[in-house]
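**Q** sequence plus the predicted model coming up.
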Amino acid sequence: MKFRLTPITLFFLLVFPSHSSSQDNQVLVPEGVSTMEPSFKFKNTVHTFYMDRYEVSYGEFSVVFPKHPSPPGAKLHPVSDVSWSEASTYCRSKNMRLPTELEWEKAARGEKGWIYPWGNKVLKKRAHPFYSGLIKRRVGYFKRDVSPYGIYGMASSVWEWTSTEINGKKVARGGLWNFHLDYEFSKTFERNVYNPESRFPFLGFRCAQSP
Amino acid sequence: MIKRRQFLQYLSAFGTNLFFQISSAWAKSSDKDFFEGSDYIGKTRGGDFQKFYVNFWKTMRRIDGNSWQLEIGGLVKNPTRFSLAEVRSLPLKSQISRLKCVECWSAKAEWAGFHISDIESIVQPDKSSTGVLFHCGDNYQEYLERTSLSHPRTLLAYAMDGNSLSDGHGFPLRVIAPFKYGYKNPKAILKMEYVDGTVSGTWSKIGPYSTDGTILPGYDHPLDRGKVKRRIAGGEIFD
């Protein structure tokens, strides 16, 4: 069942923003103005859109791309080693699309423009085990990493493709930063750019949809 | 049961290694390359290596290029040994690339060598082989999957900045895979063994090092830029 924007749901979204998510896998992000600084020097107005609550998992991805290599026992882990066009194709197969980076940022930081999806303070909990590679968990595993709209894994887990292009490269958002085998959460405004054909074990995606 | 002779050999090797480790650690406080002029090479940041650090699993005796041979075996149709001259006669490929250490520093050089396809056409790996286990002069072992080894940016290098590889940088042959952390770029290669499954390398067995070793989004302290901290997007660092 898809979450529909009706006057009643809009009322609840405005009054109880922290409970705005549906039980479905897609979350409605209502239209509104939000700060985008310091990534952009303007206020962001995005129209209402839906976004996946979780990153796309290996299990979900394998339905559309059955030959994509999947590590044993990783069915619920965020899929990675996916090119931009594969991610885009997957979303289209669901009648969805990749989010723009403005949508992604709005979904991560909310109208108050938080530094992290959960607020402005760094969590005491470590972002990741001390390790040179990614240790993946099932999507949505880290309950504290949740945005004002109820979207999970935007500051940790893996980096995510967006539809936004800069000089022939595609923008990715979110994910972890490795520093000498230690890790920190991404801030909601941080970004990387990659060649669209790139495949990395740290790069996955989630889908969005216009109403 | 360890025999007396074996015990004495282990003790001797341990003592020698300990001596060089302590000595090289002491030498780090000065700007000297402790191993310069000796028959040995090991981890150092001294002398010329201040510009490009080198790590070794163990202090090792320098390799004699005249007697060295690259042994290629395991799951291949034609196990072969290549002399240094034969290795250097393979089609030349060169590239400028940055080596990024998981310790956070990085350094850039021009590397020259050959692509693995030029030896695979001779040794003919079995289809069942998934990767290569490299055996190195310092007893270091590292595994690289064949997809990474056949990557167009991966090189088996025998020269650096226009000169033969120095002992410190892995004479006579090393891997340059610039999208992987330095520990996935084995030096002083003695043997390449084609295997049919992922093998944990030396560091992956004993430390928090992934067997994959892809450079992750994170931070870098490039030695050629005064170690000024910068963010990197992951994968090869092209600048």
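**A** Alright, I've got the coordinates.
**Q** what sits against A:Lys169?
**A** A:Lys169 makes contact with A:193-196, according to CB atoms under 8 Å, 6 or more residues apart in numbering or on different chains. Every residue, glycine included, has its C-beta placed from N, CA and C.
**Q** neighbour-wise, which of the residues you listed leads?
**A** Neighbour count (other CB atoms under 10 Å in any protein chain shown) singles out A:Tyr194 as the most crowded of these, with 21 neighbours.
**Q** show me what that residue is bridged to.
**A** A:Tyr194 has these beta-bridge partners by DSSP bridges: A:Lys170.
**Q** gap between it and A:Ala208?
**A** Applying CB to CB, to the nearest Å, the value for A:Tyr194 to A:Ala208 is 19 Å.
**Q** hmm, A:Glu103 is touching A:Tyr50, no?
**A** No. Under the criterion of CB atoms under 8 Å, A:Glu103 makes no contact with A:Tyr50, lying 9.9 Å away.
**Q** who touches both of those two?
**A** A:29, A:208.
**Q** how about the residues of chain B by chain A?
**A** Applying CB under 8 Å from any CB of the partner chain, we find that chain B lies next to chain A at B:102-104, B:181, B:183, B:208-214, B:216-219, B:231, B:233-235.
**Q** just the buried residues of these.
**A** Among the residues of chain B next to chain A, those classed as buried by 16 or more other CB atoms under 10 Å in any protein chain shown are B:102, B:104, B:181, B:183, B:209-214, B:216-218, B:233-235.
**Q** now do the helices in chain B.
**A** B:4-29, B:84-88, B:117-123, B:146-149, B:202-206 (DSSP state H).
**Q** roughly how far does the residue of chain B found nearest chain A sit from B:Arg62?
**A** At 2.5 Å from chain A, B:Ser210 is the closest residue in chain B, using CB to the nearest CB. Distance, B:Ser210 to B:Arg62, by CB to CB: 31 Å.
**Q** and B:Asp138, by the same measure?
**A** In terms of CB to CB, B:Asp138 sits 11 Å off from B:Arg62.
**Q** which residues touch A:Arg109?
**A** A:34, A:115, A:117, A:147-148, A:188-189.
**Q** now do 6 Å
**A** Residues in contact with A:Arg109 (CB atoms under 6 Å, 6 or more residues apart in numbering or on different chains) are A:Thr188.
**Q** give me the phi and psi for it.
**A** Per-residue torsions, A:Arg109: phi -110, psi -10 (degrees, to the nearest 10).
**Q** low-confidence stretches in chain A?
**A** A:1-23 (pLDDT under 70).
**Q** and the longest strand for it?
**A** Using DSSP state E to define each element, chain A has its longest strand at strand A:159-166.
**Q** identify each buried residue in that strand, please.
**A** Within strand A:159-166, the residues that count as buried by 16+ other CB under 10 Å are A:159-164.
**Q** and that strand, C-alpha only, in CSV?
**A** Extracted in CSV, the C-alpha atoms of strand A:159-166 (Å, rounded to 0.1, in the frame of the first residue of the first chain):
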residue,chain,number,x,y,z
TRP,A,159,26.9,6.0,0.5
GLU,A,160,23.9,6.5,-1.8
TRP,A,161,23.6,7.5,-5.5
THR,A,162,21.4,10.4,-6.3
SER,A,163,20.2,11.6,-9.7
THR,A,164,22.1,14.8,-9.6
GLU,A,165,24.9,15.2,-12.1
ILE,A,166,28.0,17.5,-11.9
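**Q** partners of that strand in the sheet?
**A** strand A:169-173 (antiparallel), strand A:203-204 (parallel).
**Q** redo these as JSON lines? Include distance to A:Val139.
**A** Compiled in JSON lines, the strands paired with strand A:159-166 are given as follows (distance: least, CB to CB, whole Å):
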{"stretch": "strand A:169-173", "distance to A:Val139": "16"}
{"stretch": "strand A:203-204", "distance to A:Val139": "9"}
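**Q** and among those strands, the most buried is which?
**A** Across the strands paired with strand A:159-166, averaging neighbours per residue (mean count of other CB atoms under 10 Å in any protein chain shown) puts strand A:203-204 on top, at a mean of 28.
**Q** and residue 110, how many neighbours?
**A** You didn't pick a chain, so chain A it is. Counted with other CB under 10 Å, A:Gly110 comes out at 22.
**Q** chain B, not that one
**A** B:Glu110: 13 neighbours (other CB under 10 Å).
**Q** from B:Gly137, how far out is it?
**A** For B:Glu110 relative to B:Gly137 (CB to CB), the value is 23 Å.
**Q** how about residue 204, what does it touch?
**A** By default, I'm working from chain A. Going by CB under 6 Å, 6+ apart, the list of residues near A:Gly204 reads A:55, A:78-80, A:158, A:160.
**Q** was after chain B, sorry
**A** Residues in contact with B:Ser204 (CB under 6 Å, 6+ apart) are B:Thr211.
**Q** and for B:Val102?
**A** B:Val102 neighbours (CB under 6 Å, 6+ apart): A:132, B:181.
**Q** mind running it again at 7 Å?
**A** A:132, A:181, B:181-183, B:209 (CB atoms under 7 Å, 6 or more residues apart in numbering or on different chains).
**Q** could you tell me the least trusted of the helices of chain B?
**A** Confidence, taken as mean pLDDT, is least for helix B:4-29 of the helices of chain B (a mean of 59).
**Q** skip the chain neighbours and tell me the closest residue to the residue in chain A that chain B sits nearest to.
**A** Nearest to chain B, among the residues of chain A, is A:Gly133, at 2.5 Å (CB to the nearest CB). In space, and not counting its chain neighbours, A:Gly133 is closest to B:Ser210: 2.5 Å by CB to CB, 6 or more residues apart in numbering or on different chains.
**Q** please tell me I have it right and that neighbour contacts A:Ile135.
**A** No. B:Ser210 is beyond contact range of A:Ile135, at 8.6 Å (criterion: CB atoms under 7 Å).
**Q** before I go, just wanted to say thanks for your time.
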